[in-house]
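[1] sequence first, predicted coordinates after that:
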Amino acid sequence: MKQSEWRIENAEVWNKLKAGADKLLGESYVCFYHSQLVAFNSRISCVSGNENIVESQRQSICVLGGGAMGTACAVVLAGNGHDVRLWLRSPEYAEQIAVSRENVRLLPGIFLPPSVLVTSDARAALDTSSMVVVCVPTRGIRDALAEVGRFVPKQALIVSAVKGIENRTLIRPSQMIREVLGDVSVTAFGGPCHAEEVARSKPASVVAACDRIEDAETVQQVFSNGHLRVYANNDLHGVELAAALKNVIAIAAGISDGLELGDNAKSALICRGLTEMVRFGECLNVQRSTFYGLAGVGDLIATCGSRHSRNRLVGELLGKGQTLQQITSSMSAVAEGVFTAESIFHMAQQNGIDMPIATEVYQVLFHGKPPALATQELMQRPLREE
C-alpha cells in the first residue's frame, strides 16, 4: 500500500506503529494523508511522514509555543517519526488542544497526530528532550524561557523559528535565547514557510543556520521529509536579519495593495526593498549571498504576496485607512513586522544606513503618517543611479 494513502482499522495495529496511541484512540478509525480526515469519536487527524525512521535517529523534541508555527512544527516532526511534546503557557488552551487535537484559533483545519503530547507542564514537556524548538513571538521569548529554562536539558539543541528584532536591546532571537539560557548553540530557520502550507504538507524549502554547521545539519536531517526540504547554512546572523527585515518590507507591500497602486509599483517596491535588506546586512558584516537565498529573496517574495502573510495584511489595512490600533486589536496572531519596524529604524539610525522604505513604514506605523503621503515622498526622492 502506498505511504501516501493508508488505512488502519484496528487500534492494536496502530499501537504497534505509534507507542501510546491507545491513550487517545479507540477501536477503529480512518486516517488519510496530508492532514485530511481521521474519523474516530473526537475527530482526530494526523499527517503521515517518515514512519521508517530508525530508532537510533528518533529524537525527543519539545516545541515551545502553541501558535500556528509551533503547531505546524509539531505536525511535521511527529510525521517524521519523532517523539514530540508541544508546550503552551496556558493550561486551559493546552487542555483544549490536547482534547480536540486542533488549534482552532490559529491553525484551524489541521489536527495534531495522536502521538503528540500537548501540555502546559514544562517539566513534562522538556524532560529528556534532545532538541527544543522555540516558536514564540520575539516579545515573548524572555518570559517563556524564564519560565521553562531550568527544565531545558544542557545538551539539547536549540532551534529558533522566531523572526524579529527585540525593541529594547535591538538584538536577534538567538542572542535573546543565549542571554536567558546561557552559552548554547542556536540554529535559526529562515525562508518561506507559512505554517498553513507546511502543516498541509505542501512543498516548501527553508534554511537552517547555525554558527556550528554540524548543528544546522542535524536540524536539517530532523525536519526534512518528502515535502519539506531544509538547507544548511552557517550564516546565523544573516539569516536572522533577513528574516526580520522582510517582514517590514512586506508591510510596505501590503500598503501598496491597500492603496491599489498596481503591479508595477509593488514589483518596484519589493525590488528596492531587497536592495535595502542587502545594504543593511552588508553594513552589519553578514554574507551578501544570504539575502539572495531562501532567507532573503525567497521569504520576501512569499511574505509580500501571500494571503497568509499577517505583515502584508497589516499594510493592506493601513492602506485602506485603518489605524494600527484597529488592526492589531482585530488580529488573533502577532505580526512581527510591526515591532521589527521600530527596531530596524533605530538600528539604521545608529549605523547610518539608508533605509527609505523601512523608514516610511516606521513613520506610518508609529507617527500616523498617511500611507499615500509616504508613497509620494518615496517617489519624489532625489534621482540616482541604480
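    Nice, thanks for sending it over.
[2] could I get the full set of strands for this structure?
    For the chain, the strands defined by DSSP state E occupy 60-64, 83-87, 102-103, 107-111, 117-119, 131-134, 157-160, 186-190, 204-209, 228-233.
[3] out of those, deepest packed?
    For the strands of the chain, the largest average neighbour count (mean count of other Cβ atoms under 10 Å) is found in strand 186-190, namely a mean of 28. Any C-beta I mention is one placed from the backbone N, CA and C, and that applies to glycine too.
[4] okay, now the sheet partners of that strand, with direction.
    strand 157-160 (parallel), strand 204-209 (antiparallel) (DSSP bridges).
[5] how about the ones you listed, which one is nearest L88?
    Among those, strand 157-160 comes nearest to L88, with 17.6 Å by Cβ to Cβ.
[6] mean confidence for that closest one?
    Strand 157-160 shows a mean pLDDT of 98 in the predicted model.
[7] stretch 170-183 now?
    Here the average pLDDT along stretch 170-183 is 97.
[8] report the buried residues of that stretch.
    R172, P173, S174, Q175, M176, I177, R178, V180, L181 (16 or more other Cβ atoms under 10 Å).
[9] what's the third one in contact with, if anything?
    The contact partners of S174, taken as Cβ atoms under 8 Å, 6 or more residues apart in numbering, are S160, V186, A188, L236, E240.
[10] skipping its backbone neighbours, what lies nearest the third one in space?
    Computed as Cβ to Cβ, 6 or more residues apart in numbering, the closest residue to A188 that is not its neighbour in sequence is S160, at 4.5 Å.
[11] from N225, how far off is the one you found?
    Distance of S160 to N225, given as Cβ to Cβ, to the nearest Å: 20 Å.
[12] for the stretch 101-250 of the chain, which residues score under the pLDDT cut-off?
    For the stretch 101-250 of the chain, no stretch is flagged by pLDDT under 70.
[13] now the helices for it?
    Counting by DSSP state H, counting those that start in this stretch, the stretch 101-250 of the chain has helices at residues 122-126, 141-148, 173-181, 195-198, 213-223, 236-258.
[14] hang on, the earlier thing: wait, the residue nearest to A188 touches G190, no?
    No. Taking contacts as Cβ atoms under 8 Å, S160 lies outside contact range of G190: 9.9 Å.
[15] shared neighbours of these two, anything?
    Residues touching both S160 and G190 by Cβ under 8 Å, 6+ apart: E240.
[16] check contacts around E179.
    R142, I171.
[17] mind checking how far it is from V186?
    From E179 over to V186 (counting by Cβ to Cβ), the distance is 11 Å.
[18] residues near Q57, how many?
    Counted with other Cβ atoms under 10 Å, the neighbours of Q57 add up to 12.
[19] quick one: which of the contacts of S174 is nearest S115?
    Taking Cβ to Cβ as the measure, S115 lies nearest S160 of these, at 24.1 Å.
[20] identify the bridge partners of that closest one.
    Bridge pairing for S160 - DSSP bridges - gives V134, A188.
[21] which ones are touching it?
    For S160, the contacting residues are V134, P173, S174, I177, V186, T187, A188, F189, E240, by Cβ under 8 Å, 6+ apart.
[22] still on that earlier bit, quick one: which of the strands of the chain is nearest L383?
    Closest among these, once you apply Cβ to Cβ, is strand 186-190, at 33.9 Å.
[23] give me the contacts around the closest one.
    157-163, 172-174, 177-178, 206-210, 215-216, 218-219, 233, 236, 239-240, 242-243, 294-295, 299.
[24] can you list the buried residues of stretch 170-183 in JSON lines and add distance to F339?
    Formatted as JSON lines, the buried residues of stretch 170-183 follow (distance: Cβ to Cβ, whole Å):
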{"residue": "R172", "distance to F339": "13"}
{"residue": "P173", "distance to F339": "12"}
{"residue": "S174", "distance to F339": "17"}
{"residue": "Q175", "distance to F339": "16"}
{"residue": "M176", "distance to F339": "13"}
{"residue": "I177", "distance to F339": "17"}
{"residue": "R178", "distance to F339": "20"}
{"residue": "V180", "distance to F339": "18"}
{"residue": "L181", "distance to F339": "22"}
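[25] among those, which one lies nearest to P356?
    R172 (23.2 Å).
[26] pretty sure the closest one contacts L245?
    No. Look at R172 against L245 with Cβ under 8 Å: they stay out of range, at 11.3 Å.
[27] distance of the residue nearest to A188 relative to V186?
    6 Å.
[28] over to S201?
    Separation of S201 from V186 (Cβ to Cβ) stands at 27 Å.
[29] cool, S100 as well?
    The spacing between S100 and V186, counted by Cβ to Cβ, is 32 Å.
[30] go on, V152?
    12 Å.
[31] overlap in contacts, those two.
    Counting by Cβ under 8 Å, 6+ apart, the common neighbours of V152 and V186 are I158.
[32] is it true that L318 touches T328?
    No. Taking contacts as Cβ under 8 Å, L318 lies outside contact range of T328: 11.0 Å.
[33] who's more crowded, the two?
    In this view L318 and T328 are compared by other Cβ under 10 Å, and L318 has more residues nearby, 25 against 14.
[34] what pLDDT does that one get?
    98.
[35] check contacts around K369.
    By Cβ under 8 Å, 6+ apart, K369 lies in contact with E360, Q363.
[36] so S129 sits against I61, correct?
    Yes. Counting by Cβ under 8 Å, S129 does reach I61; the two are 6.3 Å apart.
[37] what's the overlap in contacts for those two?
    R85.
[38] burial count for E92?
    Counted by other Cβ under 10 Å, the residues lying close to E92 total 9.
[39] against T71, how distant is it?
    As judged by Cβ to Cβ, E92 and T71 stand 17 Å apart.
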